[in-house]
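Dropping the sequence and predicted coords here.
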Amino acid sequence: MNSNDLIGTIGVGIILLAYFLNMFSLIPNNGKLFYLLNIIGASIACFASYLINYIPFVILEGTWALVSVIGLIKSIKKPQD
């Protein structure tokens, strides 16, 4: 496995971890940890896609990270119940 594959695998693994934790109700899908895991994972996967010059996934993962940043900001600004 080359370094680009390793970087991409780590990024996708973090995204899948967020999804897994949410699916088994271990973290909420509107919680800060869910957004943070998605931001980190998508950013790493975006970088790996950039390294191999695969623009469709740069766009996909970059958008995923951006949407997660927006979600995180909204969750921080939301009044606590």
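That came through fine. Residues are numbered from 1 along each chain as shown.

Setting aside sequence-adjacent positions, which residue approaches the most centrally placed residue in the chain most closely?
Most central in the chain under C-alpha atoms, centre = their mean is Asn38, positioned 2.2 Å from the mean C-alpha point. Nearest non-adjacent residue to Asn38, counting by C-beta to C-beta, 6 or more residues apart in numbering: Ser68, 4.0 Å away. (Each C-beta comes from the backbone N, C-alpha and C, glycine too.)

ok, that neighbour - contacts?
35, 38-39, 42 (C-beta atoms under 8 Å, 6 or more residues apart in numbering).

Please list only the buried members of those residues.
Neighbour-count burial (16 or more other C-beta atoms under 10 Å) applied to these gives 35, 38-39, 42.

Now, those residues that are in helices?
Per DSSP state H, helices hold the following members of the buried ones among the contacts of Ser68: 35, 38-39, 42.

from those residues, which two are the most distant?
Using C-beta to C-beta, those span at most 10.4 Å, a distance reached by Tyr35 and Ala42.

Please enumerate the helices of the chain.
Applying DSSP H to the chain gives helices spanning 3-23, 32-51, 55-77.

so how far is the second one from its chain's centroid?
This means helix 32-51. 4 Å (C-alpha atoms, centre = their mean, to the nearest Å).

How many residues are close by the residue nearest to Asp5 when sequence neighbours are not counted?
Take Asp5 and drop its neighbours on the chain: the residue closest to it by C-beta to C-beta, 6+ apart is Ala48, 7.8 Å away. Here the count is done by other C-beta atoms under 10 Å, and Ala48 has 23 residues near it.

who's in contact with Ala48?
Ala48 touches 4-5, 7-8, 11, counting by C-beta under 8 Å, 6+ apart.
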